[in-house]
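In: got a structure for you, letters missing:
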């Protein structure tokens, strides 16, 4: 997630704002002023000039003049007018000038270090602040591409190879500051902490403690004397450098909370304070509440810049401090703006990310942001993280915007280079597209090819791997090479200790969903889970998804299923399972053939005890019943509870064909008679305009169930027959669908010559019946014999196939009996 890096406002020391005097001490009233000895450095506008005039007087320069020299250099370095495309442009033309400047700055720097132990607290903190600003400018991201002479000289003088000189510099400043700390006031404390924060240093003192430890200890008793900006700068500095001090943060939060109001706090100061607390992890709900109340109470937010607004939202979401009023206030303000041109890409990203993370809905805000981005000519100003977080936010907030996703996809694809995207960005962007249902083949192919071409996947976190696979599986993107690459990486790891339970479950879920069989991966995951002392870290959804994946992928592992069953039963807390989780769990056990009576009894008892089944989707109900029926786990009360629930529904419009057919199949298979349920489902199907949404398997399963349950329903069977006859082709019917459908019509006593003729023509047109299983073939022969179709080409074709290809001794009991009955019926029919 984007981590705002804005520097606090008002961070300059008051000394930096004073005009430099030419004398070593400010003249006092009544005293004769000394003659100006040094020129005013503000009159010089290049580093060469400032360095030259200072170097000439280096032998006589006083400590305040040294401090202001570095202050003036920092002003020139940070002035954007002095920066060209390749870094600082400060007037150096020749190599001789370069060497001269190098010598001068080195001498002045040495003089500063030599005199530093004589500085008082104000001069010392002014110098530290100025040097830190210079270091920040020449050692930041620009340093990697700039070869401008002035910038390189400053790096060499202040930072050195591997930052050794920088570390020594700020270590020296800390050593000089340590004995002076008792004299430091609030401003000096803020400045010394701020200087080290922007320089990225945490100096250690002789006793092993850090300078930040002592600054915090000294600051706490003085917090009442801190200006609002000082409080903001202090916590910002500690968070920036990662030197979290719970005692200091706790006391600063209390100090701000106890102040009468926050009117004196600048918007950016408030945002920086909240950012620091959100990243530090120090609990501070009262502080966040006070800031929220303050912002909400304002008549308008005109004084709040976009960066401050977005950072405030980001901080609240990061800290998981919910305040819908605040979010609504800021949303209304942003929506009311004429346009969003004042928002940087990062501010836009942070804003929508915060709303999505906090689960606060504002469709108007998201629409305004989307319209702004879509309306831009190019997205070159958006870095990969900003783009990724924006689409992530829209996906997470379930705010679909096809134009926005298309715009982002086109930009990423147009760049044809994912090297600027880190692994988290890659996983998040495909996750967002998959979650939003915006699957762009070009984008997914680009990401896949990039990952596959990587030397290794060591830079991918387990979560990034899981999210990437989840996205491809959810988007139904078949990519065998990608899944193999990830599987090889995971299998090659020494262990899976860095993988969280959710990551493990998402990975095996993705492999199963994408139908990418990889026994080695599933075995690695099983070994890891079985090697754990306990499974308490796995939540119910993790467990149910893992079981579902192993069952779907047909990765049999009895010990894994037994271990998970024991965990679920011992926990004795099925209330923590969602309805879908319960359904997936028993489905997985049934699918894998791992029937555990205790588990099924527990789940059945739990469902029966529920007040209602409204939380169960039709698919969840069907899968639950299917599991009990398949596992031969008799539970009359459960089946009755489900039947009563379905019968009581006003309509069955939410039932898709598959759960509808699976429901009646389960009742028939479990021999749980319920005429009212079958009538309800039949009426629903009969009332449909057509059965085009029903797949052949749905059709055959439904009529099979009605016939098996003895529920003859002429109108339903007639509707099914008409539907099948109207089909141009029966190619979509599998052998099992054909045999089950014909069997059902005969079993239910519905002779339909036209339908049978339709089936017969199709089957006779097949070159052979090799695709028919022994069970399908014997069932089909029985159907022909029972329907009086003995003296037909169909009967002879099926009979010849069985004689030539079926080993009677190898048939199961049902198939053998069906064959014997068919032959007996055929013999009786022919004798007549």
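Out: Everything's here; your move. Only a predicted model underlies this, so the values are computations on that prediction, with no experimental measurement involved.

In: where are the low-confidence patches of the stretch 101-250 of the chain?
Out: 140-148 (pLDDT under 70).

In: hmm, try it at 50
Out: For the stretch 101-250 of the chain, applying pLDDT under 50 flags the ranges 142-145.

In: where along it do the helices fall?
Out: 121-138, 149-154, 164-177, 186-199, 211-219, 228-241, 246-258 (DSSP state H, counting those that start in this stretch).

In: tell me which of those helices lies nearest to residue 448.
Out: In terms of CB to CB, the element of the helices of the stretch 101-250 of the chain nearest to residue 448 is helix 228-241, at 37.7 Å. Glycine gets a C-beta too; all of them are placed from N, C-alpha and C.

In: what comes up buried for stretch 523-543?
Out: 524, 525, 526, 528, 529, 535, 538, 539, 540, 541, 542, 543 (16 or more other CB atoms under 10 Å).

In: picking up where we left off before, so for residue 752, which of the helices of the stretch 101-250 of the chain sits nearest?
Out: Across the helices of the stretch 101-250 of the chain, residue 752 has its closest neighbour in helix 228-241 (77.5 Å, CB to CB).

In: could you give the angle of the closest one to helix 246-258?
Out: Here the directions of helix 228-241 and helix 246-258 differ by 150 degrees (axes from the mean of the first three to the mean of the last three CA atoms, to 10 degrees).

In: report the inter-axis angle for helix 228-241 versus helix 211-219.
Out: Using the same axes, to 10 degrees: helix 228-241 against helix 211-219 is 150 degrees.

In: residue 373 touches residue 390, doesn't it?
Out: Yes - between residue 373 and residue 390 there is a contact under CB atoms under 8 Å: 7.1 Å.

In: neighbour count winner among those two?
Out: residue 390 (29 against 22; other CB atoms under 10 Å).

In: packing partners for the host helix or strand of that one?
Out: Assessed by DSSP states H and E, residue 390 sits inside helix 384-396. Under the contact definition 3 or more CB pairs under 8 Å, 6 or more residues apart in numbering; DSSP states H and E, helix 384-396 sits against helix 345-357, helix 363-374, helix 402-415, helix 423-435.

In: okay, helices next: where are they in the stretch 501-650 of the chain?
Out: Ranges of helices within the stretch 501-650 of the chain are 501-513, 519-530, 540-552, 558-571, 579-591, 597-609, 618-630, 636-648, based on DSSP H, counting those that start in this stretch.

In: could you dump the ones you listed into CSV with distance to residue 475 and mean pLDDT added?
Out: Shown next, in CSV, are the helices of the stretch 501-650 of the chain (distance: least, CB to CB, whole Å; pLDDT from 0 to 100):
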stretch, distance to residue 475, mean pLDDT
helix 501-513, 10, 96
helix 519-530, 20, 97
helix 540-552, 17, 96
helix 558-571, 28, 94
helix 579-591, 20, 96
helix 597-609, 32, 96
helix 618-630, 20, 96
helix 636-648, 33, 97
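
In: got those as JSON lines, with distance to residue 710 columns?
Out: Output for those, formatted as JSON lines (distance: least, CB to CB, whole Å):
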{"stretch": "helix 501-513", "distance to residue 710": "37"}
{"stretch": "helix 519-530", "distance to residue 710": "42"}
{"stretch": "helix 540-552", "distance to residue 710": "31"}
{"stretch": "helix 558-571", "distance to residue 710": "35"}
{"stretch": "helix 579-591", "distance to residue 710": "24"}
{"stretch": "helix 597-609", "distance to residue 710": "25"}
{"stretch": "helix 618-630", "distance to residue 710": "16"}
{"stretch": "helix 636-648", "distance to residue 710": "16"}
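
In: nearest to residue 311, of those?
Out: helix 501-513 (29.1 Å).

In: from the chain's centre, how far out does the closest one sit?
Out: 15 Å (CA atoms, centre = their mean, to the nearest Å).

In: start at 51 instead
Out: Right, with 51 as the first residue, what we last looked at is helix 551-563.

In: quick one: contacts of it?
Out: 512-513, 515-517, 519-520, 522-524, 533, 536-537, 540, 546, 549, 567-568, 571-572, 575, 578-579, 587-589, 591-593, 595-596, 598-600, 602-603 (CB atoms under 8 Å, 6 or more residues apart in numbering).

In: in stretch 603-615, what's buried?
Out: The neighbour-count criterion (16+ other CB under 10 Å) identifies 603, 605, 607, 610, 611, 613, 614, 615 as the buried residues of stretch 603-615.

In: ok, now which ones touch the nearest residue to the third one once chain neighbours are set aside?
Out: With sequence-adjacent residues excluded and distances taken as CB to CB, 6 or more residues apart in numbering, residue 607 is closest to residue 576, at 4.7 Å. Under the criterion of CB under 8 Å, 6+ apart, the neighbours of residue 576 are 600, 605, 607, 609, 610.

In: from memory the third one sits against residue 600, does it?
Out: Which is residue 607. Yes - counting by CB under 8 Å, residue 607 touches residue 600, with 6.1 Å between them.

In: please list only the buried members of the contacts of helix 551-563.
Out: Here, 16+ other CB under 10 Å leaves 512-513, 515-517, 519-520, 522-524, 533, 536-537, 540, 546, 549, 568, 571-572, 575, 578-579, 588-589, 591-593, 595-596, 598-600, 602-603 buried among the contacts of helix 551-563.

In: residue ranges with poor pLDDT in the stretch 301-450 of the chain?
Out: In the stretch 301-450 of the chain, no residues with pLDDT under 50.

In: about what we covered before: distance of the residue nearest to residue 607 relative to residue 608?
Out: Computed with CB to CB, to the nearest Å, the distance linking residue 576 and residue 608 is 10 Å.

In: same check on residue 249?
Out: When residue 249 is compared with residue 608 (using CB to CB), they lie 60 Å apart.

In: kindly report the same for residue 816.
Out: Counting by CB to CB, the gap from residue 816 to residue 608 is 40 Å.

In: from residue 836, how far off is the nearest residue to residue 437 once chain neighbours are set aside?
Out: Leaving out its chain neighbours, the residue that sits closest to residue 437 by CB to CB, 6+ apart is residue 458, at 5.5 Å. Using CB to CB, residue 458 is found at 62 Å from residue 836.

In: residue 421: neighbour count?
Out: Residues near residue 421, counting by other CB under 10 Å: 14.

In: could you do residue 327 as well?
Out: 25.

In: helix or strand: which one has it?
Out: Here residue 327 is assigned to helix 317-330, by DSSP H and E.

In: and the nearest residue to residue 813 once chain neighbours are set aside, what element?
Out: Spatial nearest neighbour of residue 813, excluding adjacent residues (CB to CB, 6+ apart): residue 844 at 5.9 Å. Element membership for residue 844 (DSSP H and E) is helix 843-855.

In: now swap in residue 380 and tell me
Out: Short version: residue 380 belongs to helix 374-386, going by DSSP H and E.

In: joint contacts of residue 607 and residue 600?
Out: 572, 576.

In: related to what we said a few turns ago, avg pLDDT for the helix holding residue 844?
Out: For helix 843-855, the mean pLDDT works out to 90.
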